[in-house]
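Engineer: Here is a sequence together with a model predicted from it:
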Amino acid sequence: MKLFKRRYKSKNQQVALAGFTFGMVFLGIVMLIVLSAQTSDSYLDRASNKDILLSEAVIRFSH
């Protein structure tokens, strides 16, 4: 994670960045759950789509 390897001048910037990142991940997961709940597909299709999207999000944030 390139963002977190850099040194920040103050601890507040690090806390704000961590909070912002966590907030974005949390919002993304909530939106995925809401969107998957609104689709009329079968439960298995919803589960597999959600898992694929979640794994893509995890891969994006871990790089």
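Structural biologist: Yes, it's here.
Engineer: now F61, nearest residue through space, not along the chain?
Structural biologist: V25 (6.4 Å; Cβ to Cβ, 6 or more residues apart in numbering). Placement of C-beta: from N, CA and C, glycine included.
Engineer: Check the burial of that neighbour by counting its neighbours.
Structural biologist: 13 (other Cβ atoms under 10 Å).
Engineer: distance of it from G19?
Structural biologist: 11 Å (Cβ to Cβ, to the nearest Å).
Engineer: Identify each buried residue in whichever strand or helix holds S36, please.
Structural biologist: Using DSSP states H and E, S36 falls within helix 11-38. Along helix 11-38, these residues count as buried under the neighbour rule (16 or more other Cβ atoms under 10 Å): L32, S36.
Engineer: Show me what it packs onto, helices and strands only.
Structural biologist: Judged by 3 or more Cβ pairs under 8 Å, 6 or more residues apart in numbering; DSSP states H and E, the packing partners of helix 11-38 are helix 2-5, helix 43-62.
Engineer: in the chain, which ranges drop under the pLDDT threshold?
Structural biologist: 1-9, 37-50, 62-63 (pLDDT under 70).
Engineer: still on that earlier bit, might one say that the residue nearest to F61 is in contact with L32?
Structural biologist: No: between V25 and L32 there is no contact under Cβ atoms under 8 Å: 10.6 Å.
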